[in-house]
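*Asks:* Structure for the following, please:
(chains A and B)
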Amino acid sequence: MKRFIHILLAAAATGGAWAKVDLSTLPERETVQLTIYNSADLTLVRESRPLTVKEGANSLQFSWENTLIDPTSLEMVPKAHAGQIDISELVYPARVRNLGLWKVQSEVSGKVPVEITYLTSGLSWRAFYMGTLRPDEKAMRLEGYVVVTNNSGEDYENAQTRLIVGKVHILDQIAELARRQYPYGSPQDRQVFRDERSETLGRELKVYFGQAVMAGAPASKGKEIVKEGLSEYFLYTIEGTETIATGWSKRLPSFAADAVPVVNLYKYEEERYGGQVIRFLSFANDAEHKLGETPIPGGVLKVYRDVGEAGHLSYEGQSAFKYIPVGEDVELNLGAAADVVVEPKLMEVATENYRFDNKGSVSGWDDVQRWRIEVRNTRDVAVKVEIRRNFPTSYWKLDNEGQVGVYEVEDMDTVKYTLELEPQTKQTFEYVLRMYQGTRAEDWRK
Amino acid sequence: MKVRTSMLMAVAGMLVVIAAAEARIKLVALPERSETVIRLDNPTATLIEEERVLTLQKGLNKVDFSWKSVSIDPDSIRLTVLDHPEDVTLLNVSYPPNEAALVWEIASGGDYAERVRISYLLSNIDRLVTYKAIADKAETKVDLRSYLVLRNFSGEDFEKARVLLDYGDSFEQGIAHEETKQMLFLKGDGVPITKVWKWDSAALPWDPSKLNNENVGIPVSYRIVNDKKSGLGEFALWGGKARLFQDDGHESTIFLGEDNSALVPVGEKMELYIGDSRDIVVTQRKMQDSRINLRKNNRGDVILYDTDEVITAKIENFKDGPAVLTMIQRIDGQWDMEKCNMKYERKDAFTLEFEIELPARTAEGPAVKELEMHYHRRNVRP
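*Replies:* Numbers count the residues shown, from 1 in each chain, chains lettered A, B, ... in the order given. The predicted structure is shown next:
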């Protein structure tokens, strides 16, 4: 497939007949900058080209066969001779596709550098992480990568590549705008045009072909990625330029942090995870955890564990995680675990404090349940366990017995017990739950 | 004139019409279209006004107006006599069967080369408006550009026409069938903006920790006022798609987002939703919801009660800059506030609005504010 973006410059066409351009110069792209988004299929392209204009009216043809450019986003701005060059009109001629004509009125003749910007579809990036736990699982080496993929139909050579972290609001998918027969649609499909609403595009990402970076290996000579905040976004600028041909992907290291302190956290909540204990790795995106310079974009983390002197690894699991702002705690879900066991048992039930109405029917009572919870850590490392208990009513009281640990009320019908368990130990605690049913709720006081 | 399609106009003398049953005979003199005006002041329909010179003979004249490959609302066609309005009268209009045409019967007091204006509503030609705004790095102002997009899919080529909007001067523009033209028509530099973060308890999840690996984005908007102070305010800003960019401080820009703006009359605000902030996190929980002040009937059934409800919301700002969060809370029915630790404005019977100032995060962690509302809903029936 032949893909191209062409610019033709023609001497002023007379009499308003744009049609055929016969004189042309084809200025080369001097620089190109790509700003790629990951929350939408969207890239802002900015390229500079030197144009040769004549004094008076010039018409400039820009065409983009087989690419995914949104024609309504095209803009050209002269970077010199301010006020002497007026680009006021862009015409999308009849019966021709993928072509725009700029009407340029110039008071100068000669070379004029211009900047052309447009939005295109087909370029994407994603974040990807590798974590390597120390044998004691108290710290983890964390490495972040970005994978940039170009399926835009256009080869971008020596492009300054910038990546945007953030959730951008768009109305129309750029790919749809690029495929439209008429750039702004036609009045017949006006309703459709106006009512189109965007959904975040779940782009399928291609397998990447970039050279593999070994897990655990220091990212020597890796390109630096400069990170800075702008509005609600984070801008990652990759040092130097990149050449990404269409169809190709490239993986680049984004950051590496040694010895990020982590907590082995296990969670149990029947209503949410069924009867399973779920393992989490918990840390925070802050300085204390050797991180915290920038937010961490959402992505997939593969976790390995260092299992010996020869540098062998065992695979612990993977977790997809969300965007983590600077300072926020992270909990990475590594899936169900069998080596930490939480066993709640209902030990005793009773009903008490019956109330009766005028007709002698039961109108209120207390349900009393005694629960015993046994928590076993069969692992050879210390763990932290969070157990959430949800109650079917907001009229309840609780009496605790045993090694309860920290216990807190999360909301009107949820409590959380937090326990710390040394390697290969077990803890047991009990609680008595009293639920005020029917008119007994009238006697309930917080 | 390059006519692809056509509007034909025929002037037929009375003499040739013999009987109504006969086929219509057209003696065609095709008067040139002179001044043409495309009026785009009504966003739902485009009015075309064109002037032509009719050669009228004294007495009754029949003028045939027909069109092909274009869509004209026949009821919208009007004929205005310009040179001798007192001496030339339109008597009636008849519509021939199965034809896109009509016939005017005109009484003329003399032999005139009469200028007339024909007006009609033409389909599939219209205009759109789009906006492009570039915010400064501090997000205090934008350079606003507005473009007029003319779309002509009417079937008719307009080589030269005066285009009229609902304000400002008309301008000359030609536009061919199937052509789209985008023109700059408004330039406003340094238009002040207000950045707004809005969390609505009815629209967003309360407890992000209950979601699986999902961030709750708090919608962020730019507010622009269409008034003199903003350097605008001369006319209503038409609705259209707005694309927002921001100066990145490296002689380049980033794309912030896009939104559709409704028509903004002078003095009113335009609010453009650009994207979601994931650096402000709201965790809202209901800590108490119980029935109090129970009132019972003779059978002992509760027939009326009040509630005792406590809602807490923890607001964390992880941004390295301050922000003002607009928080919307809703309480249905009759209610009164027992205690609230933050000021609010009651927007309507069931809506409370808080403006919560959040400082930037520090080295210790995010800036945190906690809202606690203790309220009672009154006279609730089970």
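
*Asks:* wait, residue B:220 sits on residue B:277?
*Replies:* Yes: contact status for residue B:220 versus residue B:277: in contact at 5.0 Å, counting by CB atoms under 8 Å. C-beta coordinates here come from the backbone N, C-alpha and C atoms, glycine included.

*Asks:* Counting neighbours, go ahead and name the busier of these two.
*Replies:* Neighbour count, other CB atoms under 10 Å in any protein chain shown: between residue B:220 and residue B:277, residue B:277 has more, with 28 against 25.

*Asks:* What is the burial count for the residue in the stretch 201-350 of chain B positioned nearest to chain A?
*Replies:* The minimum distance from the stretch 201-350 of chain B to chain A, using CB to the nearest CB, falls at residue B:318 (3.4 Å). For residue B:318, the count of nearby residues is 22 (other CB under 10 Å).

*Asks:* Give me the neighbour count for the nearest residue to it once chain neighbours are set aside.
*Replies:* Counting by CB to CB, 6 or more residues apart in numbering or on different chains, residue B:318 lies nearest to residue A:325, which is 3.4 Å off, once chain neighbours are set aside. By the measure other CB under 10 Å, the count of residues near residue A:325 is 25.

*Asks:* ok so, going back, joint contacts of residue B:220 and residue B:277?
*Replies:* By CB atoms under 8 Å, 6 or more residues apart in numbering or on different chains, residue B:220 and residue B:277 have these common neighbours: A:232, B:197.

*Asks:* what does the stretch 101-250 of chain B put close to chain A?
*Replies:* Neighbours of chain A within the stretch 101-250 of chain B, by CB under 8 Å from any CB of the partner chain: B:123-126, B:128, B:130, B:132, B:135, B:137, B:139, B:149, B:151, B:153, B:159, B:174, B:176-184, B:207, B:210, B:212-215, B:217, B:219-220, B:241, B:243, B:246, B:248, B:250.

*Asks:* Buried ones from those residues, can you make that a ChimeraX selection?
*Replies:* Buried residues within these, by 16 or more other CB atoms under 10 Å in any protein chain shown, are selected in ChimeraX with:
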select /B:123,124,125,126,128,130,132,135,139,149,151,153,174,176,177,178,179,180,181,182,183,215,217,219,220,241,243,246,248
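
*Asks:* just checking, residue A:228 touches residue A:235?
*Replies:* Yes: at 5.4 Å, residue A:228 counts as touching residue A:235 under the criterion of CB under 8 Å.

*Asks:* Who has more neighbours out of the two?
*Replies:* Neighbours were tallied for residue A:228 and for residue A:235 using other CB under 10 Å; the higher tally belongs to residue A:235 (23 against 13).

*Asks:* quick one: average confidence on the host helix or strand of the more buried one?
*Replies:* Using DSSP states H and E, residue A:235 sits within strand A:233-238. Across strand A:233-238, pLDDT averages out at 90.

*Asks:* I'd like the next helix or strand past that strand.
*Replies:* Next element after strand A:233-238 (DSSP H and E): strand A:242-244.

*Asks:* so how far is residue B:300 from the residue positioned nearest the centre of chain B?
*Replies:* Centrality entry for chain B: nearest residue to the mean C-alpha point is residue B:239, 2.9 Å, by CA atoms, centre = their mean. According to CB to CB, to the nearest Å, residue B:239 stands 60 Å off from residue B:300.

*Asks:* what does the stretch 301-446 of chain A have sitting close to chain B?
*Replies:* A:319-323, A:325-328, A:333, A:357-359, A:363, A:394-395, A:409-412, A:439, A:441-442, A:444, A:446.

*Asks:* Any idea what the spatially closest residue to residue A:256 that is not a sequence neighbour is bridged to?
*Replies:* Nearest residue to residue A:256, sequence neighbours excluded (CB to CB, 6+ apart): residue A:143, at 4.6 Å. In this entry, residue A:143 is beta-bridged to residue A:130, residue A:256, by DSSP bridges.

*Asks:* returning to that earlier point: partners of the strand holding residue A:235, with directions?
*Replies:* strand A:156-165 (antiparallel), strand A:225-230 (antiparallel).
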